[in-house]
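Student: next one to model:
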Amino acid sequence: LLQPTEVRVRIYDVRGRLVRDLGNPPGGAGTWEAVWDGRSTAGQSVAAGVYVVRLSLGDRTATGKIIVVR
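Tutor: Numbers count the residues shown, from 1 in each chain. Reported below is the predicted structural model:
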């Protein structure tokens with residue numbers, strides 16, 4: 001990031017249900033990473049399958065797919 005920005009990372013299942021909110025990692029300028037351990041908000045391991053990650057940076061949003069293989 002070139003400047004401090006509000007960051008939010010959320011994981012959804014293919015039906016659009018929120019699986020995990022990784023919260024708001026430090027959004028300072030520079031490089032950062034968010035790590036998902038494959039668990040739901042309840043702490044249970046998620047099933048194998050496709051999940052959608054949504055990254056929000058201020059007023060911008062990007063989505064991508066994550067494939068969990070067990």
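Student: hmm, Val69 and Gly49 touching each other?
Tutor: No. Gly49 is not in contact with Val69 according to Cβ atoms under 8 Å; the separation is 9.1 Å. Any C-beta I mention is one placed from the backbone N, CA and C, and that applies to glycine too.
Student: which of these two has more residues huddled nearby?
Tutor: Gly49 (12 against 6; other Cβ atoms under 10 Å).
Student: state the distance from the more buried one to Asp13.
Tutor: Distance of Gly49 to Asp13, computed by Cβ to Cβ, to the nearest Å: 7 Å.
Student: quick one: Ile11 and Ala34 touch, right?
Tutor: No. Between Ile11 and Ala34 there is no contact under Cβ under 8 Å: 9.8 Å.
Student: just want to know which of the two has more residues nearby.
Tutor: Ile11 (22 against 14).
Student: what's opposite that one in the beta bridge?
Tutor: The partner list for Ile11 in beta bridges (DSSP bridges) reads Arg20, Val53.
Student: quick one: the strands in this protein?
Tutor: All strands of the chain, identified by DSSP state E, fall at 7-13, 18-21, 49-57, 60-68.
Student: can you put those in a markdown table and add distance to Gly43?
Tutor: Conversion of these to a markdown table gives the following (distance: least, Cβ to Cβ, whole Å):
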| stretch | distance to Gly43 |
| --- | --- |
| strand 7-13 | 14 |
| strand 18-21 | 10 |
| strand 49-57 | 16 |
| strand 60-68 | 16 |
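Student: between the ones you listed, which one is nearest to Ser40?
Tutor: Ser40 sits nearest to strand 18-21 of all the strands of the chain, at 5.3 Å, using Cβ to Cβ.
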